[in-house]
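Chemist: quick one, fold the following:
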Amino acid sequence: MDTLTLWLATGLGVGFMPVAPGTFGSLWGLPLAWWLGAKAPGRQATLIAIMALLAVPVCHWASAQYFAGGDAGSIVLDEIVAFPLALLGLTLSGRPAARQLPWLALAFGLFRVFDALKPPPVSWAEVLPGGVGIVADDLVAAGLAWLCMALLIRAWRRYRRA
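Modeler: Numbers count the residues shown, from 1 in each chain. Have a look, this model is predicted:
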């Protein structure tokens, strides 16, 4: 069970990449977001919430057992489960944004920027204790990416109508 938890927390070992483990780990979130994009927004939100809640104890345990506490760069499950939030319910031309590669890529880039730079309120969420803080900062980063995406999609729609 210990090994399984460690492998989940590190994204099947991707978190052990020597460079940018959070970015490489977040790549697992792309197919997850694609898959969730085919579901109704309410179902998307429910599944993201369940995954995030399950990620809290996994990340907490891995942090405490293997990484001396804190949000170690090798723990990437938080990025994986949070990324789909950046596209939750967003549609363009009647299709989910998560199912359109340019929008999926843009959301990924925005999420990574917010997660890496940790502007407030991302940095505020990061100070929460244990697994809650490990997962919460990524959810806030994904929420900020969602806000940017929603504004960009709205602007794109207006541009296309003009």
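
Chemist: so residue 121 touches residue 140, yeah?
Modeler: Yes - in this structure residue 121 lies within contact range of residue 140 using C-beta atoms under 8 Å: 5.5 Å. Backbone N, C-alpha and C define where each C-beta goes, glycine included.

Chemist: what residues of the helix or strand in which residue 49 is found count as buried?
Modeler: Counting by DSSP states H and E, the element that carries residue 49 is helix 41-66. For helix 41-66, burial by neighbour count (16 or more other C-beta atoms under 10 Å) applies to 44-45, 47-48, 51-52, 55-56, 58-63.

Chemist: other SSEs contacting the longest helix that the chain contains?
Modeler: Looking across the chain with DSSP state H, the single longest helix is helix 130-161. Applying 3 or more C-beta pairs under 8 Å, 6 or more residues apart in numbering; DSSP states H and E, one finds that helix 130-161 makes contact with helix 41-66, helix 77-82, strand 91-92, helix 101-117, helix 122-126.

Chemist: which strands and helices lie in contact with the fourth one?
Modeler: Read that as helix 101-117. So helix 101-117, by 3+ C-beta pairs under 8 Å, 6+ apart, packs with helix 21-26, helix 29-37, helix 130-161.

Chemist: who touches that helix?
Modeler: 22-23, 26, 29-30, 33-34, 79, 82-83, 86-87, 90, 92, 97-98, 122, 137-138, 140-142, 144-146, 148-149, 152-153 (C-beta atoms under 8 Å, 6 or more residues apart in numbering).

Chemist: for the buried ones among these, write the corresponding ChimeraX selection.
Modeler: Buried members of those, defined by 16+ other C-beta under 10 Å, are picked up in ChimeraX with:
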select :22,23,26,29,30,33,34,79,82,83,86,87,90,92,97,98,122,137,138,140,141,142,144,145,146,148,149,152,153
